[in-house]
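Visitor: Fold the following and give me the result.
(one chain, ligands or ions: 1)
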Amino acid sequence: MVEEGGFIRRSRRRNAKRMSYAESDEDVKQESDTEYQPDAGVKKESDEDVEIIEDPEIKKEEDPGEIPGPESKEEQDVDDDDDDDDKPLSQRRKRSRGSGSKEGQQKRGKRQTKKKKEPKPKISNFDRNTEKLFQQHPQLRSVFPELQKAVIPAPERAPQPAGMTIRLLPFQLEGLYWLEKQENSKYNGGVLSDEMGMGKTIQMIALIMSNLAHSPTLVVAPTVALMQWKNEIDEHTGGALKVYVFHGANRTNNVADLKGYQVVLTTYSVLESVYRLQAYGFRRKTGLKKERSVLHNVDFYRVVLDEAHNIKDRQSSTAKAVNELRAQKRWCLTGTPLQNRIGEMYSLIRFLDVEPFSGYYCIKCDCNSKRWRFSDNMHCDHCGHVMMQHRSFFNHFMLKNIQQFGAEGPGYEAFQRIQVLLKSIMLRRTKVERADDLGLPPRIVTVRRDYFNEEEKDLYRSLYTDVKRKFNSYVEEGVVLNNYANIFTLITRMRQLADHPDLVLKRLPGSDASDGVIVCQLCNDEAEEPIESKCHHRFCRLCIKEYVESFMEESQKRLTCPVCHIGLSIDLSQQSIEVDMDSFHKQSIVSRLNMQGTWRSSTKIEALVEELYNLRSDNRTIKSIVFSQFTSMLDLIDWRLKRAGFETVKLQGSMSPTQRDETIKYFMKNIRCEVFLVSLKAGGVALNLCEASQVFIMDPWWNPSVEWQSGDRVHRIGQYRPVKITRFCIEDSIESRIIELQEKKANMINATINQDEAAINRLTPGDLQFLFNN
Ligand SMILES: Nc1ncnc2c1ncn2[C@@H]1O[C@H](COP(=O)(O)OP(=O)(O)OP(=O)(O)O)[C@@H](O)[C@H]1O
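Guide: Below is the predicted model:
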């Protein structure tokens, strides 16, 4: 009876642990690299009677990448318990019986005395689990030793591919040699991670040209880069490559059509939307309807992901959509270094299908699989062992110890393993390393500091006093994080006021739709690339992304919607909401102001006008790019510059790829057009604007990488003039504190190896204190 009771208690304890595991797993899922709960809903373009379909997979898929370390008490106990699982019940009972009996106690006593004499060396849980993994999967033992031994061939130059009308630079020919070798290796692809603007596109086109028998190649790119790919291919391959742009309402739905092309170009959002319609369908009045995805039914030779960090969230529907593509060779292009973003790297490894790094392994049997499949939320579909007994190779050997120990001890070893893997699958060169090949002119960055005029100062002071009072009361009550949404919105208002008071005083009404215009609920501007949260609030993609990424709470559980303050759930990579053009009335701030009468410009806008006047010269046009995060600011600048006699063009997120392309071409080719106004939300990445040599950044932001990317639009191959980047800062406002904070964070990026970029982007309570501390 006692024995039975003991057994029953024991089994109950085990269940309790399973439960707490399931809970904690859910918790850590929130801590995944995107730090938000992906929203699975999406709407099919232009179908009014379409209902949102949930993605059942997203919720179901557990993420071993996020399992708490085996060092946690919970997991340690379960592992110990589960050693019994393979034994017959009678033996388990015997052990349990023995432990309660006199004989058992005597034995234990003996064991304890023995233990005192020769203490066993303590084995860490990591080592214990590693050994279990190796026992069941002996082939894993040699993975790292072999990688370490692998000979990385000395860089050689491939011949210039026939048919390419552009001469590849020496380091690009080396890149081509590496691409060819890598594609024919067991990895079937890899990551080309040259710094921005060094010609990753050109090198990939050269790879396609080097063997035209293999086709088609699918290139997935951000919308802003789509036409650039087409132009680069058309210009530099003398018509040798037939290109199909899979985008827009008239795209084909015939698989055979695509097979006739060497290159198919599409965007992440189109790919995600066609995949969703195929996998989950959409509801019409007549019932659930699924639609076959053309892109997922072609056997591509190769798939190239441009700006591959778009799939950094492996739980996002975009990552799922790319993983389901059929291709023999897989490539990722990204200009951002991977070493510092270990969690994000995993998503790329999964797309590249690098074995054994992308797989899951059972520590109880030889079961291994590419997918995490636990239909009953407890047992593996393949082997029946419980979740806890499965390990993600990448997570176990690389991620977990870094998360736990940083760059020390076992964390350092894990970091070394990552380096070894990257050596085999990634090529990265920097502009500094290849300065001789590139022949790039210098790049000078300056901060122009101005002071508010009296009227602006009064307005700013009253807003600031109010904000500081609120912030201090949150600090006193210890509720800073609970009020993060409020604080973030208030900082946005202060930044807008530093640009021009009208951005705050004349902003659009609080509702998220006004006259067909979607209004971002964070910046209160017309939303750029609008996306929607589960609670149905709409934001510019960039505004909400920055909001999510800046929140420092590790679990992200307390992150709330800035509007309704319930827990925020939003898929940052969802397709933008299409604006209904029939009911759309452009609500530019200019149309809401009396510009002819009493309107006053601002200190910052006048500072820009002064800079641009100083650039004017009689014998040549010096072209400039002006970046702002706020579209209304760009509207005001546009109006003011036109009055001052400057010809301008503007790039906004609401433009179609063709409109963007035409606007860029107009700026590049029209000698009279001096200023290009670019919304940071629309044109921060993947733009080639090297006709310009001056960059003006209107509103500083604490994430330095956004500004670096802006500068890289003009400091790239093809630039022959020195590039000057001017950052505007109103000295007596929050902007000067932001710049200081930015410098602090930039130093951190350089100083740490295990600091992921998300951490740098976060605004900790300490950072907030720093911002309000004047
Ligand atoms: N060998 C070359 N000769 C002349 N121009 C070149 C050469 N290689 C690249 N370029 C030009 O340099 C510019 C930058 O190249 P590309 O867009 O391929 O860079 P990238 O590394 O993909 O940049 P990003 O990371 O910003 O997307 C393009 O305009 C391209 O035409």
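
Visitor: Point out the residues in the stretch 251-400 of the chain that sit beside the ligand.
Guide: By the rule Cβ under 6 Å from any ligand atom, the part of the stretch 251-400 of the chain lying against the ligand is Gly335. Any C-beta I mention is one placed from the backbone N, CA and C, and that applies to glycine too.

Visitor: now the helices: where do they sit in the stretch 551-700 of the chain?
Guide: For the stretch 551-700 of the chain, the helices defined by DSSP state H, counting those that start in this stretch occupy 589-592, 603-615, 631-643, 657-669, 680-683.

Visitor: Including distance to Thr621, mean neighbour count and mean pLDDT, could the ones you listed go into CSV?
Guide: Below are the helices of the stretch 551-700 of the chain laid out as CSV (distance: least, Cβ to Cβ, whole Å; neighbours: other Cβ atoms under 10 Å; pLDDT from 0 to 100):
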stretch, distance to Thr621, mean neighbour count, mean pLDDT
helix 589-592, 26, 16, 70
helix 603-615, 9, 17, 95
helix 631-643, 14, 22, 92
helix 657-669, 11, 17, 86
helix 680-683, 21, 24, 71
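
Visitor: how about the ones you listed, which one is nearest the ligand?
Guide: Evaluated with Cβ to the nearest ligand atom, these place helix 657-669 nearest to the ligand, the distance being 10.1 Å.

Visitor: what residues are up against the nearest residue to Thr130 once chain neighbours are set aside?
Guide: Of all residues not flanking Thr130 in the chain, His396 sits nearest, at 7.3 Å (Cβ to Cβ, 6 or more residues apart in numbering). By Cβ atoms under 8 Å, 6 or more residues apart in numbering, the residues touching His396 are 126, 129-130, 133.

Visitor: In helices, which of those appear?
Guide: Among the contacts of His396, the ones falling in helices (DSSP state H) are 126, 129-130, 133.

Visitor: can you list the domains in this structure?
Guide: Recorded structural domains for the chain (assignment: automatic domain parsing) are 2-124, 169-354, 441-448+588-760.

Visitor: Return the member of the ones you listed having the minimum mean pLDDT.
Guide: Among the domains of the chain, domain 2-124 carries the lowest mean pLDDT, at a mean of 39.

Visitor: Stretch 649-658: end-to-end distance?
Guide: Using Cα to Cα, to the nearest Å, one end of stretch 649-658 lies 15 Å from the other.

Visitor: do the same with stretch 682-695
Guide: Start-to-end span of stretch 682-695 (Cα to Cα) is 16 Å.

Visitor: roughly how far is it from the heart of the chain?
Guide: Put simply, stretch 682-695 sits 21 Å off its chain's centre (Cα atoms, centre = their mean, to the nearest Å).

Visitor: Quick one: residues contacting the residue in the stretch 451-600 of the chain positioned nearest to the ligand.
Guide: Closest approach between the stretch 451-600 of the chain and the ligand, counting by Cβ to the nearest ligand atom: Leu542, at 17.4 Å. When contacts are counted by Cβ under 8 Å, 6+ apart, Leu542 touches 528-529, 629, 680-681, 684.

Visitor: Alongside the ligand, which residues does this protein contribute?
Guide: 166-169, 172, 194, 196-202, 232, 335, 686, 688, 712, 716-718.

Visitor: Apply the buried test to these and list what passes.
Guide: Of the members of the residues of the chain next to the ligand, the ones counted as buried by neighbours, 16 or more other Cβ atoms under 10 Å, are 168-169, 172, 194, 196-202, 232, 335, 686, 688, 712, 716-717.

Visitor: The residue of the stretch 501-650 of the chain found nearest the ligand and Cys380, how far apart?
Guide: At 14.0 Å from the ligand, Ile625 is the closest residue in the stretch 501-650 of the chain, using Cβ to the nearest ligand atom. For Ile625, the distance to Cys380 equals 53 Å [Cβ to Cβ, to the nearest Å].

Visitor: Neighbour count: these two, which is higher?
Guide: Ile625 (25 against 22; other Cβ atoms under 10 Å).

Visitor: Pairing partners for that one in the sheet, please.
Guide: Phe676, Val695 (DSSP bridges).

Visitor: Surely it is in contact with Gly711?
Guide: No - with contact defined as Cβ atoms under 8 Å, Ile625 does not count as touching Gly711 (9.5 Å).

Visitor: which stretches of the stretch 101-250 of the chain form helices?
Guide: Taking DSSP H, counting those that start in this stretch as the test, the helices found in the stretch 101-250 of the chain are 102-117, 125-136, 143-149, 170-183, 200-210, 223-236.

Visitor: quick one: the strands in the stretch 401-550 of the chain?
Guide: Per DSSP state E, counting those that start in this stretch, the stretch 401-550 of the chain carries strands over the ranges 426-427, 443-450, 513-514, 517-518, 530-532, 538-540.

Visitor: which residues do Ile625 and Gly711 both contact?
Guide: Shared contacts of Ile625 and Gly711, counting by Cβ under 8 Å, 6+ apart, come down to Val695.
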